[in-house]
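the sequence and its predicted three-dimensional model are supplied below.
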Amino acid sequence: MNRTTVVKLGGSSIGSPHLRRWIAAIEQADGPIVVVPGGGPFAEVVRRFQVRLGFDDRAAHEMATLAMEQFGCALANLSKRLVGARSMDAIRLAQKDGRIPVWLPRDMVMADTAIPQDWSVTSDALSAWLAGQFEEANLCLVKLIDVPANSNLDALTGASIVDDSFASMLRSGTDLFIAGPMDLVTAGQRFAIGGVPGRQVATRLITATNHQAIAG
């Protein structure tokens, strides 16, 4: 069976001229694929009003997952192949029907009490968590910048390209790729042959260390 590819489209891409080109590239995918939407400006509204109204981090965490769903609804509306999916069963059904599921994360995320319910977990970490629900998966984080060749997870975390919780959410069966604007040229072709655009990032040593720390 082909490995599932989880593609995370950051909410910041809402204002990018490349968004529709990434959607068009994803639509060409031949293998099983899932899109994870970021929260972007919808999540920023949550941050702003948490300060103003004073609701706690758990409420903000749930609202931020709903912010991801807002962008997910927009993505599904911009493509004939993309369709919202709230569960693993819905994801698999959409893939079986030749559709591309867009993960609407609120229900699955709030049901897992092991996921920290605060701002330490962003949509990047949740995309890693979703990839870990598959026995093996590729995870492609679409960013607005091109990362240097031979980047590693420590460097990406230190540069805040991924959040601090990302490494702990990443599982050993997940191969990580980072894609930027330069990868758009061939992204559609890569997806069409079951490939993944972007640069593969070394993660296995870091992931193994994190898992040992968690287990301990």
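Now that the structure is in, tell me what you want to look at.

all contacts plus neighbour counts: C-alpha atoms, from now on.
Noted.

what mean pLDDT does the helix ranked longest in the chain get?
Longest helix in the chain, counting residues (DSSP state H): helix 57-77. Across helix 57-77, the average pLDDT comes to 97.

same question, stretch 182-190
For stretch 182-190, mean pLDDT is 96.

go on, stretch 168-178?
94.

can I get it as CSV, trimmed to CA atoms?
The C-alpha atoms that make up stretch 168-178 are tabulated as CSV, following Å, rounded to 0.1, in the frame of the first residue of the first chain:
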residue,chain,number,x,y,z
SER,A,168,7.7,15.3,20.4
MET,A,169,4.7,14.7,18.1
LEU,A,170,6.7,13.3,15.2
ARG,A,171,6.8,9.5,15.1
SER,A,172,9.5,7.2,13.8
GLY,A,173,7.4,6.0,10.9
THR,A,174,7.0,9.5,9.5
ASP,A,175,9.4,11.0,6.9
LEU,A,176,9.5,14.8,7.1
PHE,A,177,9.8,17.2,4.1
ILE,A,178,9.8,21.0,4.0
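
which positions within that stretch qualify as buried?
168, 169, 170, 171, 172, 174, 175, 176, 177, 178 (16 or more other Cα atoms under 10 Å).

tell me what residue 6 is bridged to.
Beta-bridge partners recorded for residue 6 (DSSP bridges): residue 34, residue 139.

quick check, it in contact with residue 131.
Yes - using Cα atoms under 8 Å, residue 6 makes contact with residue 131 at a distance of 6.2 Å.

need the overlap of contacts for the two.
Both residue 6 and residue 131 are in contact with 137, 138, 139, where contact means Cα atoms under 8 Å, 6 or more residues apart in numbering.

ok, and the most crowded of the residues you listed?
For those, counting by other Cα atoms under 10 Å, the largest number of neighbours falls to residue 139: 27 neighbours.

pull up the gap between the closest residue to residue 153 other than its chain neighbours and residue 170, please.
In space, and not counting its chain neighbours, residue 153 is closest to residue 203: 5.9 Å by Cα to Cα, 6 or more residues apart in numbering. Computed with Cα to Cα, to the nearest Å, the distance linking residue 203 and residue 170 is 9 Å.

low-confidence ranges, this protein, go.
The model of the chain has pLDDT under 70 over residues 1, 204-216.

mind listing the helices for it?
Under the criterion DSSP H, helices of the chain are mapped to 19-27, 40-53, 57-77, 88-96, 106-111, 123-131, 153-158, 166-169, 184-192, 204-215.

the residue nearest to residue 153 reaches residue 174, doesn't it?
No - using Cα under 8 Å, residue 203 is not in contact with residue 174; the gap is 9.0 Å.
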